[in-house]
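Student: Dropping a prediction and its sequence here:
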Amino acid sequence: MTAITLRRHLTDAGHDSDLIFLLEDIASACRSTAYEVRNGPLKGNLGVADSINVQGEDQKPLDIIANDIFVSTCANSPRLAALVSEEIEEVVWLKEPKKGDYMLFFDPLDGSSNLDTNLSVGTIFSIMQIEEDGNRNVLRRGADQLVAGYALYGPATMMVLAAGRGVQGFTLHQGTGIFRLTQPSMSIPETTNEFAINTARRRFWDQPIRDYVDDCLAGTEGPRGKDFNMRWVASMVAEVHRVLMRGGVFLYPLDDKNRAAGGRLRLLYEVAPMAKIIEAAGGAASTGTERILDLVPTEPHQRVATILGSREEVALLEQMHRKPAEA
Ligand code: AFP
């Protein structure tokens, strides 16, 4: 039987028609972004643009192209009042906010430092609703998200959604350009033997992270009593998708080099959406000391320590952060 379409799934789930409209616009933007990523080398869109983003990072031409695609594709969605993008410093207000209007938070192209080496990259997005007429507060807890999702531009182009009823995966059919449901109910195994962290930063880590990773590396001879596997793609969307598909834990903790900036990954449009997806799939997401979805952002581009994945592994890491420092 042919897998059902994204639109059919959203309609059957009883979502508001304006939300379906916005999600279909997002799907269109992801489809266009996938096309531009696949054709990047042919269109001379690799390397770096001669610009830096609000994060002070070199922008890639495709960062700018993906951002422009999202803004132009989604800006006319009914009841979409605001855009918050990794690539735009200010909040973009599209209309006078009314209660129930949508705010779209997005990282248009995450992992873009992998583009020149043809590795998987992705888009991360999140939708929240305006709480009352005229309220322009975008700094909302991740727990308030109406929808969280990502697109993964890998061997297959996929879209993963958490919209209140578990987590579903959709695959783009290249011939028709339609996203079809391929994973109706994604869930994360509670335990794992796979961790993902940039180990080159070990000397900057706090002790609980060093202890955790050292215990994993000790394998069967160490306190964990089992061998571990390590992965690091340097593309959060690819890491999170792997964790969703087979379990694991992804870590980008605070360390001595990123502490002043608050961490590496951005809360509103990277970590909070991923945390909602991971929790909806039965996993957990923490800073090491706090649940990600409980955090109230202080500014749109705030960064945060990130630990997410299999529930038991995240719980162990939180316990290690609580353990009093060795005397
Ligand atoms: P880019 O978008 O600049 O490639 O950063 C990707 C990212 O935000 C996240 O997707 C990765 O997990 C992480 O940074 C990789 O960080 P390192 O480059 O320090 O490994």
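Tutor: On my side now, so go ahead.

Student: what does the chain put close to the ligand?
Tutor: 57, 110-113, 198, 234-236, 252, 264-265 (CB under 6 Å from any ligand atom). To be clear about C-beta, it is placed using only N, CA and C from the backbone, and glycine gets the same treatment.

Student: residues contacting residue 227?
Tutor: Residues near residue 227 by CB atoms under 8 Å, 6 or more residues apart in numbering: 193, 219-220.

Student: List buried members of the residues of the chain next to the ligand by neighbour count.
Tutor: 110-112, 235-236, 252, 264-265 (16 or more other CB atoms under 10 Å).

Student: could I get these as TSV with secondary structure and pLDDT?
Tutor: As requested, those are arranged in TSV below (DSSP: H, G, I helix; E, B strand; the rest coil; pLDDT from 0 to 100):
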residue	secondary structure	pLDDT
110	strand	97
111	coil	95
112	helix	91
235	coil	97
236	helix	98
252	strand	98
264	coil	97
265	strand	98
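
Student: List the residues that contact residue 231.
Tutor: Neighbouring residues of residue 231 by CB under 8 Å, 6+ apart: 194-196, 239, 242, 248.

Student: Show only the entries of the residues you listed found in strands.
Tutor: 194-196 (DSSP state E).

Student: Nearest to residue 207, out of those residues: which one, please.
Tutor: Of all the ones in strands among the contacts of residue 231, residue 207 sits closest to residue 195, with 16.8 Å by CB to CB.

Student: so what pLDDT did that closest one get?
Tutor: What the model reports as pLDDT for residue 195 is 98.

Student: Run through the bridge partners of it.
Tutor: residue 230, residue 249 (DSSP bridges).

Student: so how far is residue 104 from residue 145?
Tutor: Residue 145 sits 11 Å away from residue 104, going by CB to CB, to the nearest Å.

Student: okay, and the common contacts of the two?
Tutor: Counting by CB under 8 Å, 6+ apart, the residues touching both residue 145 and residue 104 are 126-127.

Student: circling back: could I get the contacts of residue 227 as a markdown table with neighbour count?
Tutor: Output for the contacts of residue 227, formatted as a markdown table (neighbours: other CB atoms under 10 Å):
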| residue | neighbour count |
| --- | --- |
| 193 | 15 |
| 219 | 13 |
| 220 | 9 |
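
Student: of all the contacts of residue 231, which two lie farthest apart?
Tutor: Once CB to CB is applied, the contacts of residue 231 give 195 and 242 as the farthest pair, at 11.3 Å.

Student: residue ranges of the helices in the chain, please?
Tutor: In the chain, the segments counted as helices under DSSP state H are 6-12, 17-38, 61-74, 207-218, 236-246, 272-280, 311-322.

Student: what sits up against the fourth one?
Tutor: I take that to be helix 207-218. Applying CB under 8 Å, 6+ apart, the contact partners of helix 207-218 are 195, 197, 199, 202, 205, 222-224, 228, 230, 251, 253, 255, 288, 316-317, 320-321, 323, 325-326.

Student: which among the contacts of residue 227 gets closest to the ligand?
Tutor: residue 193 (20.4 Å; CB to the nearest ligand atom).

Student: Leaving out chain neighbours, which residue sits closest to that closest one?
Tutor: residue 228 (5.0 Å; CB to CB, 6 or more residues apart in numbering).

Student: Quick check: the one you found touching residue 199?
Tutor: No. In this structure, residue 228 is not within contact of residue 199 by CB atoms under 8 Å, at 11.9 Å.

Student: For the two, indicate the residue with more neighbours.
Tutor: residue 228 (19 against 12; other CB atoms under 10 Å).

Student: sorry, back to before: and which of the contacts of residue 227 is nearest to residue 276?
Tutor: residue 193 (25.4 Å).

Student: picking that back up, now do the same contact list for the residue nearest to residue 193.
Tutor: Here residue 228 is in contact with 193-195, 216-217, 219 (CB under 8 Å, 6+ apart).
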